[in-house]
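>>> dropping a prediction and its sequence here:
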Amino acid sequence: AQSVTQPDIHITVSEGASLELRCNYSYGATPYLFWYVQSPGQGLQLLLKYFSGDTLVQGIKGFEAEFKRSQSSFNLRKPSVHWSDAAEYFCAVASYSSASKIIFGSGTRLSIRP
Amino acid sequence: DTAVSQTPKYLVTQMGNDKSIKCEQNLGHDTMYWYKQDSKKFLKIMFSYNNKELIINETVPNRFSPKSPDKAHLNLHINSLELGDSAVYFCASSGGRENNQPQHFGDGTRLSIL
């Protein structure tokens, strides 16, 4: 069964510092991979997605993520965070089969230190 | 121009009552979803419809009944509400049932059972 793990429940970084949020997945083949962001009181917004090809994908708001098959990871990065990046971040995995569902990780809450 | 809109935003009611949450999307998408997010931010799919056809039905109590009058609407009716139903319910839509389609989320309906 496919699953996704976000090992960090809460991360605090200083404004201007770099960020890396971890995501590991379990799946028999290369799945579709996503990162979503949820600001307080709002729904999820897609940051970026990986299906195939270049393993480094660029997203909105200056975020990028790198797919590493050998580590079954899809970590999210940003070189310099802004206070507005404080939010909950969800990694998600889905199979190629449209009959299956998208599985979301448990989320990582990002706080920004002024 | 709200892409995915849910009403109401907040719903406070007593145990045993029946309530409905409405969802509409103006993106022209074929597929719509209902998710439940618990107090720990864990997001789990409940239902998915494609062109008014049910395609995903997770193991949820049959007190929950989705209804899709047309492909732009997916409403959720809940009978005999219980304390454990307290959560934030998100509606989402995507361009197709394929899992590589990013999902667009509404802002959620916060349901509180007294």
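Nice, thanks for sending it over.

>>> can you tell me which residue of chain A sits closest to chain B?
Minimum separation of chain A from chain B (CB to the nearest CB) falls at residue A:43, amounting to 3.1 Å. For glycine as for every other residue, the C-beta is placed from the backbone atoms N, C-alpha and C.

>>> count the residues that sit near the residue nearest to that residue when sequence neighbours are not counted.
Leaving aside its sequence neighbours, residue A:43 sits nearest to residue B:105 (CB to CB, 6 or more residues apart in numbering or on different chains; 3.1 Å). Using other CB atoms under 10 Å in any protein chain shown, the number of residues around residue B:105 comes to 22.

>>> next one: phi and psi at residue B:105?
Backbone torsions for residue B:105, taken as degrees, to the nearest 10, come to phi -100, psi 150.

>>> thinking again about what came up before, was I right about the residue of chain A closest to chain B contacting residue B:92?
Yes - using CB atoms under 8 Å, residue A:43 is in contact with residue B:92, at 7.4 Å.

>>> any buried residues in stretch A:56-73, and which?
Within stretch A:56-73, the residues that qualify as buried are A:57, A:59, A:63, A:64, A:65, A:66, A:67, A:72, A:73, counting by 16 or more other CB atoms under 10 Å in any protein chain shown.

>>> TSV for the residues you listed, including pLDDT and distance to residue A:6?
Output for the buried residues of stretch A:56-73, formatted as TSV (pLDDT from 0 to 100; distance: CB to CB, whole Å):
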residue	pLDDT	distance to residue A:6
A:57	96	18
A:59	96	17
A:63	98	15
A:64	98	17
A:65	98	13
A:66	97	16
A:67	95	16
A:72	93	13
A:73	95	11
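
>>> if we can go back for a sec, between residue A:43 and residue B:92, what contacts are shared?
Common neighbours of residue A:43 and residue B:92 are listed as B:4, B:105, B:106 (criterion: CB atoms under 8 Å, 6 or more residues apart in numbering or on different chains).

>>> in the sheet, who's paired with residue 11?
With no chain named, the answer covers chain A. For residue A:11, the beta-bridge partners are residue A:110 (DSSP bridges).

>>> could you do chain B instead?
With DSSP bridges applied, the residues forming beta bridges to residue B:11 are residue B:111.
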